[in-house]
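[1] sequence and computational prediction follow.
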Amino acid sequence: MSVIAVASNGTRCCLAADSQVSQNTTKLTMSNTKVVRLGGLLLGVDGSLAMGDALRYHADGLDLGALAGDLPGWLSRNLVPWMRTYLKAADLMDKRDDGHEFPGSMLVARGREFLHIDCAGSVMCCASEWWAIGAGGATARGAMHYAAEVAGHNAEHVVTAGVEAACRLDTTCSLPMCVEWTEP
């Protein structure tokens, strides 16, 4: 279980993630397992660590050269099919009948833009300047809304307020958090 939050300051995105992972009923905290840098992308991975590990260690089959153009199109044409193929070959696809294929979802940021890839592999543009996913996502979004109103659009303050609130109020998330910025 996780909370991954992202906010844009107009030129760059700040992404923050909690550090809790679980194995069966044991809760552990691990540093920086949910945030992955890939080419010019910053990805926050919610759910199974297998998705982050696939991107971190096995992404040599991805065409990163085509990444310079349309980000939603590249994700739909390259990352999502690659992830399906990788997870299927590793027998890590979700086996549920509700249309969910991936064992989690992702926030993907590049420069000042960010998108959400859900458990079904759908690529969605977020209509606000910030967003959060994961079990603590709703709690984080509430805190982020308040932080954005009070602190203006300080992206790092907004994401850290969201992740911290989720970690304090949701037992599926834990501090410390990892905070990363996209390249300008």
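    Cool, the structure landed. Residues are numbered from 1 along each chain as shown.
[2] thought residue 48 was touching residue 92?
    Yes - Residue 48 lies in contact with residue 92 (CB atoms under 8 Å); the separation is 6.7 Å. (C-beta placed from N, C-alpha, C; glycine too.)
[3] any common contacting residues for the two?
    Residues touching both residue 48 and residue 92 by CB atoms under 8 Å, 6 or more residues apart in numbering: residue 103.
[4] give me the average confidence score over stretch 7-15.
    On average, the pLDDT along stretch 7-15 is 94.
[5] could you work out the end-to-end span of that stretch for me?
    Stretch 7-15 has an end-to-end distance of 7 Å (CA to CA, to the nearest Å).
[6] also stretch 92-105?
    Span of stretch 92-105 from end to end, CA to CA: 14 Å.
[7] my reading is that residue 171 lies in a helix. Confirm?
    No - Residue 171 is assigned coil when assessed by DSSP: H, G, I helix; E, B strand; the rest coil, not a helix.
[8] and it, how far is that from residue 117?
    Using CB to CB, to the nearest Å, one gets 26 Å for the distance from residue 171 to residue 117.
[9] which ones are touching the residue most central in space within the chain?
    Centroid-nearest residue in the chain: residue 44, 2.5 Å away (criterion: CA atoms, centre = their mean). Taking CB under 8 Å, 6+ apart as the criterion, residue 44 is in contact with 4-6, 15-17, 34-35, 106-109, 133.
[10] nearest to residue 166, out of these: which one, please.
    Lowest distance from residue 166 to the contacts of residue 44 (CB to CB) belongs to residue 5, with 8.0 Å.
[11] does that closest one touch residue 18 like I think?
    No - Residue 5 is beyond contact range of residue 18, at 9.2 Å (criterion: CB under 8 Å).
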